[in-house]
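> Any chance you can model this:
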Amino acid sequence: MRVPGALAACAVLVMACVPAEGPAPAEGLRRYQEDLDLLKAHLDVVELADASGAARVALVPAYQGRVMTSTAGGADGWSLGWINEELIASGETLAHMNPYGGEDRLWLGPEGGQFAVFFEEGAPFDLEHWQTPPVVDTEPFDLVSADAGQAVFGRRASLVNRAGFAFDFQIDRTVRLLGEDDVRSGFGVDVPEGVALVAFESENRLTNVGEDPWEKETGLLSIWILGMFPPSPGATVVIPFASGSEEELGPVVNDAYFGKVPADRLIVESDRLFFRADGQRRSKIGISPRRANPICGSYDPDRRVLTLVRLTLPTGARDYVNSMWEIQDEPYGGDAVNSYNDGPPESGGKPLGPFYELESSSPALSLEPGESHVHVHATAHFQGGPEALDPIARAALGVGIAEIEAAFGG
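Predicted structure coming up:
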């Protein structure tokens with residue numbers, strides 16, 4: 001998508017500085033400036049902003065060029081991404097994964113299975129042996145360029161999967177600020193009067209720079225984008241899907257990642273589902289490419305924010321990596337769309353966040369040497385009253401705000 005010429009404001013590298021004073025946020029919510037000050041106190045930050053300064057996006061090259069947070073309301077607006085302020089401020093590096101946060105972070109799949117890139121060859125599928133690859137966890141990306149409205153990052157790296165195959169690859173990642181025209185054409189919705197908007201997309205290119213082709217028999221990679229958002233008691237994920245029989249399209253939803261999701265947390269209707277995003281129970285769901293829709297979203301009544309995610313969904317693609325933590329009968333029977341709700345991993349345990357996630361994946365990538373694949377993941381936040389947000393939700397998700405709020409008795 002293009003970046004409108006009206007986006008005349010800055011994309012600047014902001015060096016670490018002393019946090020500025022600002023208004024205290026309401027209980028449980030954080031202001032954008034508060035999170036930006038935290039980031040700048042410890043890291044270099046790239047900030048994109050529109051001409052008015054209302055729509056802003058903060059990125060961190062050290063965290064693989066991820067979008068850490070955004071706002072539709074300028075410095076004093078709500079911070080819309082989830083940020084792990086405790087971990088960032090500590091300067092510590094954790095053993096298995098560093099959940100720094102971020103609305104758009106790049107991972108590579110598959111996580112589990114015989115071709116996993118999160119488990120070494122022969123390792124059992126448990127938390128003790130689970131290891132996030134450093135290239136998508138602790139290693140920085142190079143900042144290639146930054147101009148009005150976008151930033152470009154790059155990284156060359158290697159990975160060995162659980163089957164022992166070595167991948168040599170180049171990642172090129174561009175994050176762009178989007179305007180109303182882009183949202184209208186990409187999401188199919190208008191922005192009504194009284195609704196504030198911040199929107200951005202990441203264009204993620206993976207190139208095989210090795211000498212060997214990537215083949216199904218030795219395992220394939222996928223581009224995996226995850227957006228982490230702050231939970232709230234009434235936050236609800238909405239995922240439209242293709243209706244049809246299981247004989248024709250397969251199961252509607254995979255809800256067995258961390259044990260079956262209880263009925264009071266997952267409601268499946270004929271062509272959409274509702275999933276609690278309250279950060280109170282560790283659970284995950286997935287939608288296969290046969291069922292997936294290119295748009296999904298969530299609604300947070302506390303922040304009065306409707307979030308939409310649009311993903312690249314190539315027509316006819318059916319092979320998606322399977323990230324289940326087991327030796328799989330169908331290693332390419334994975335999901336195109338996922339959502340995760342964080343919570344204690346066990347009774348009395350400490351959650352990673354808590355947060356919730358909206359995720360998308362590319363197909364499994366059979367790439368010849370020199371060949372590339374691009375996966376685009378776009379996020380749009382609309383902030384306003386329920387009446388103003390209702391037509392956006394109906395157009396994009398097929399359901400109104402009142403029905404979303406009522407799904408779990410809100």
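
> Farthest from the middle of this protein: give me that residue.
residue 211 (31.1 Å; CA atoms, centre = their mean).

> got the phi/psi numbers for residue 330?
phi -130, psi 80 (degrees, to the nearest 10).

> tally of neighbours for the nearest residue to it once chain neighbours are set aside?
Among residues not flanking residue 330 along the chain, residue 322 sits closest, at 6.1 Å (CB to CB, 6 or more residues apart in numbering). In short, each C-beta sits where N, CA and C put it, glycine included. For residue 322, the count of nearby residues is 25 (other CB atoms under 10 Å).

> Over to residue 322: give its phi and psi.
phi -100, psi 120.

> Over to residue 230?
Torsion angles at residue 230 (phi, psi; degrees, to the nearest 10) stand at phi -70, psi 130.

> one step back: what about the residue nearest to residue 330, distance to residue 313?
Distance, residue 322 to residue 313, using CB to CB, to the nearest Å: 18 Å.

> picking up where we left off before, wait, what's in contact with the residue farthest from the centre of the chain?
168, 369 (CB atoms under 8 Å, 6 or more residues apart in numbering).

> Residue 369 versus that one, what's the distance?
Per CB to CB, residue 211 is found 6 Å from residue 369.

> for residue 273, same thing?
Taking CB to CB, one finds residue 273 at 41 Å from residue 369.

> Look at the two and report which has more neighbours.
Neighbours per residue (other CB under 10 Å) separate residue 273 from residue 369, with residue 273 holding more: 21 against 13.

> Next, count neighbours for the residue nearest to the more buried one when sequence neighbours are not counted.
Distances taken as CB to CB, 6+ apart put residue 239 closest to residue 273, at 5.2 Å, once the chain neighbours are dropped. Residues lying near residue 239 (other CB under 10 Å) number 27.

> Same question for residue 382.
Neighbours of residue 382 (other CB under 10 Å): 27.

> what's the least confident helix or strand in the chain, going by average pLDDT?
strand 11-14 (a mean of 40; mean pLDDT, DSSP states H and E).

> Just name whatever secondary elements the helix or strand just after that one is in contact with.
Later in the chain than strand 11-14, the nearest helix or strand by DSSP states H and E is helix 32-42. Applying 3 or more CB pairs under 8 Å, 6 or more residues apart in numbering; DSSP states H and E, we find helix 32-42 packed against strand 45-49, strand 56-60, strand 66-71, helix 85-90.

> Redo these as TSV? Include mean neighbour count, mean pLDDT and distance to residue 398.
Output for the helices and strands packed on helix 32-42, formatted as TSV (neighbours: other CB atoms under 10 Å; pLDDT from 0 to 100; distance: least, CB to CB, whole Å):
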stretch	mean neighbour count	mean pLDDT	distance to residue 398
strand 45-49	23	97	31
strand 56-60	28	98	28
strand 66-71	28	98	25
helix 85-90	14	96	36
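
> Go through these and name the closest to residue 218.
strand 66-71 (29.1 Å; CB to CB).

> The closest residue in space to residue 274 that isn't next to it in sequence - how many residues pack around it?
Leaving aside its sequence neighbours, residue 274 sits nearest to residue 407 (CB to CB, 6+ apart; 4.0 Å). Neighbour count for residue 407, taken as other CB under 10 Å: 20.

> is it true that residue 407 touches residue 272?
No - using CB atoms under 8 Å, residue 407 makes no contact with residue 272, being 9.9 Å away.

> and residue 306, backbone torsions?
Given degrees, to the nearest 10, the pair of backbone angles that residue 306 has is phi -100, psi 120.

> Could you verify my assumption that it touches residue 238?
No - counting by CB under 8 Å, residue 306 stays clear of residue 238, with 9.4 Å between them.

> who touches both of the two?
Contacts common to residue 306 and residue 238, judged by CB under 8 Å, 6+ apart, are 297-299, 393.

> Adding pLDDT, write the residues you listed out as TSV.
Listed next are the shared contacts of residue 306 and residue 238 as TSV, based on pLDDT from 0 to 100:
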residue	pLDDT
297	98
298	98
299	98
393	98
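
> Return the members of these classed as buried.
If you count burial by 16 or more other CB atoms under 10 Å, the buried members of these come out as 297-299, 393.

> JSON lines please, covering those and showing secondary structure.
Shown next, in JSON lines, are those (DSSP: H, G, I helix; E, B strand; the rest coil):
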{"residue": "297", "secondary structure": "strand"}
{"residue": "298", "secondary structure": "strand"}
{"residue": "299", "secondary structure": "strand"}
{"residue": "393", "secondary structure": "helix"}
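
> Could you export these as CSV, including distance to residue 102?
Formatted as CSV, these follow (distance: CB to CB, whole Å):
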residue, distance to residue 102
297, 18
298, 16
299, 21
393, 25
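
> Of all pairs in these, which one spans the longest distance?
298 and 393 (10.3 Å).

> Residues in contact with both of these two, list them for me.
238, 306.

> On the three-state scheme, residue 344 is what?
What three-state DSSP gives for residue 344 is coil.

> where along this structure do the helices fall?
32-42, 85-90, 180-187, 246-249, 386-397, 401-406 (DSSP state H).

> Show me the one of those helices that comes nearest residue 330.
That would be helix 246-249 among these, by CB to CB, at 15.1 Å.

> Please state the offset of stretch 319-337 from the chain centre?
19 Å (CA atoms, centre = their mean, to the nearest Å).
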